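S.K.: Fold the following.
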Amino acid sequence: FDVVEKFLVLRDSKMSTTDATSPQQASTTDSTADPPKRICCACPQTRIPRDECVTNYGEENCQKFIEAHKACLRSEGFKV
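M.R.: As a prediction, the model looks like this:
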């Protein structure tokens, strides 16, 4: 997993300079009845690194990312 570890370091350095949700966006979602999440939009914090890893290194080298994303989806109530 040497390649994956290098990928993690690179990804972490890129993600630390960007913010996925601006404070303005967070303050405008004050609805008490949230619409149901779609699986394609759930867990971006694990989906993006999983997709990047699979694209760059192949599915067989990214099981750690795939399993982390599945765990996140399960925690959001999806059956995967």
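S.K.: contacts, neighbours, all on C-alpha from now
M.R.: Fine.
S.K.: Can you tell me, leaving aside adjacent residues, what's nearest to residue 47?
M.R.: Sequence neighbours aside, residue 69 is the residue nearest to residue 47 in space, at 5.9 Å (criterion: Cα to Cα, 6 or more residues apart in numbering).
S.K.: Quick check: buried residues in the helix or strand encompassing the one you found?
M.R.: Element membership for residue 69 (DSSP states H and E) is helix 63-75. Buried positions in helix 63-75, judged by neighbour count with 16 or more other Cα atoms under 10 Å: 65, 66, 68, 69, 70, 71, 72, 73.
S.K.: for these, which one is nearest residue 9?
M.R.: Of all the buried residues of helix 63-75, residue 65 has the smallest distance to residue 9: 13.7 Å, by Cα to Cα.
S.K.: Quick check: which ranges of this protein have low pLDDT?
M.R.: Applying pLDDT under 70 to the chain flags the ranges 1-3, 10-35.
S.K.: sec struct for residue 39, please.
M.R.: The three-state assignment at residue 39 reads coil, by DSSP: H, G, I helix; E, B strand; the rest coil.
S.K.: switch to numbering from 401
M.R.: Happy to do that; since the first residue is 401 now, the last one works out to residue 439.
S.K.: wait, doesn't it sit right on residue 477?
M.R.: No - with contact defined as Cα atoms under 8 Å, residue 439 and residue 477 do not form a contacting pair (9.7 Å).
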